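Undergrad: Need a 3D model of the sequence below.
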Amino acid sequence: MDVMGSEAEARVRVGAAVPPLEIPVTRTLIVAGAIASRDYQDVHHDAELARRKGSPDVFMNILTTNGLVGRYLTDHFGPTAVLRKVAIRLGVPNHPGDTMVLTGRIEEVVEEPDGDTMTVTVRVVGANGIGRHVTGTATVTVPRGGAS
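TA: Here you go, the predicted model:
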């Protein structure tokens, strides 16, 4: 195994942290995510209707959050990583002007029988200024030598 592979594999170990990713939450991100996921609920694109329903503004839908968690991990593990599963739970909402910081910690690494890949389970938290927006786990298959 080469030195680069050894360094990369050292980063893919139980307990290792995935570097944080800050995501500025804009109105455009919220609305675009809702449209892209075909979620036409008014609370995701109409601020006045969102306020009438008790929210201070439009807020991010779960499908956008799910996609951002996936992006966080595939960006970290590189273009050959394959996202296998995302299981998340929403907490406080993401509104325009928030910054969501995604953090992760590797909980499990399983060497696959093919000897070429590993399945990595990562505990993910996404927090903004008022608390945890998302918590959950995701599973990614990565080549041995792993993270970028």
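
Undergrad: What about the residue lying closest to G129 once chain neighbours are set aside, how many residues nearby?
TA: Using C-beta to C-beta, 6 or more residues apart in numbering and skipping the chain neighbours, the partner closest in space to G129 is D98 (6.0 Å). For the C-beta atoms, the positions are set from N, CA and C on the backbone; glycine is no exception. Residues lying near D98 (other C-beta atoms under 10 Å) number 22.

Undergrad: just G70 next, same as before
TA: Other residues close to G70 by other C-beta under 10 Å number 17.

Undergrad: pretty sure it is in contact with G136, am I right?
TA: No. Counting by C-beta atoms under 8 Å, G70 sits too far from G136 to count as a contact (11.2 Å).

Undergrad: Would you mind listing the residues touching both of the two?
TA: Counting by C-beta atoms under 8 Å, 6 or more residues apart in numbering, the shared contacts of G70 and G136 are V86.

Undergrad: still on that earlier bit, who are the neighbours in contact with the residue nearest to G129?
TA: Contact partners of D98, counting by C-beta under 8 Å, 6+ apart, are 25, 128-130.

Undergrad: dump the residue contacts of V110.
TA: Applying C-beta under 8 Å, 6+ apart, the residues contacting V110 are 118-120.

Undergrad: In strands, which of those fall?
TA: 118-120 (DSSP state E).

Undergrad: neighbour-wise, which of the residues you listed leads?
TA: In terms of neighbours by other C-beta under 10 Å, the ones in strands among the contacts of V110 top out with V120 at 27 neighbours.

Undergrad: Give me the neighbour count for the closest residue to T80 other than its chain neighbours.
TA: Distance criterion C-beta to C-beta, 6+ apart; nearest residue to T80, sequence neighbours excluded, is P143 at 5.3 Å. P143 has 17 neighbours, counted by other C-beta under 10 Å.

Undergrad: D75 too?
TA: 14.

Undergrad: Could you grab the helix/strand/coil label for it?
TA: Classification of D75 using DSSP: H, G, I helix; E, B strand; the rest coil returns helix.
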